Every structure is written in structure tokens, then in C-alpha cells.
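Participant: sequence? don't have it. structure:
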């Protein structure tokens, strides 16, 4: 999933992110190499936590389309031909 930051000047790919978390009113991401970037800054820690929950809910709306072994029966699930876009834009406030 892609996340457009609050300033609309950067897009981050969750496949390359180690963790997304809040610190005070800020939503931060830690990349796999340890770098920290801000996705957005909000008036309260509660609002930052709510935005973090929105990101998790948006991510949860999508299914994996890569295909692979079937969990419930013996067999293989074919990958889908089209993967819907997965983009979350950070709210301004």
C-alpha cells in the first residue's frame, strides 16, 4: 500500500516500511534501514492515533493477489490478474 504524506510531497510504500507509529501528535514511519520520516502532524495524540487506525483499516480492506498454497484444502490459489490500487492520503487535520 502507498501512503501520501500530509504535505503531499512524498509517497511511502508500506512494503519498505518496518513500522508506522505515533509519537505525540505525529505519525511516523521507520524504514527497514532505521530512518524515520513523518507522515503527518496532528493537534492531539488522540487524533494521531485515530489516523493510525485509519491506515490500518485501509490496509485491511485489501486482499493479497500473489497466489500460493491454499490454506483450507490441498491445492494452489492462482494470482489475480489485476491488483486494485492501494493508496491512503494522510488527512490535513
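Facilitator: In hand now; what should we look at? These numbers come from a predicted model, not from an experiment. Numbers count the residues shown, from 1 in each chain.
Participant: so where's this structure shaky on pLDDT?
Facilitator: For the chain, the stretches flagged by pLDDT under 70 are 63-68, 70-71, 76-85.
Participant: can you pull out the strands in it?
Facilitator: 2-4, 11-13, 17-23, 26-31, 36-41, 68-69, 76-77, 87-89 (DSSP state E).
Participant: Show me what the last one is packed up against.
Facilitator: Helices and strands touching strand 87-89, as assessed by 3 or more CB pairs under 8 Å, 6 or more residues apart in numbering; DSSP states H and E, comprise strand 2-4, helix 45-60. C-beta here means a position set from N, CA and C on the backbone, and glycine is covered the same way.
Participant: Same list, the strands of the chain, but as CSV with distance to residue 56 and mean neighbour count please.
Facilitator: Converted to CSV, the strands of the chain look like this (distance: least, CB to CB, whole Å; neighbours: other CB atoms under 10 Å):
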stretch, distance to residue 56, mean neighbour count
strand 2-4, 12, 18
strand 11-13, 15, 14
strand 17-23, 8, 14
strand 26-31, 12, 18
strand 36-41, 13, 17
strand 68-69, 23, 10
strand 76-77, 24, 12
strand 87-89, 10, 15
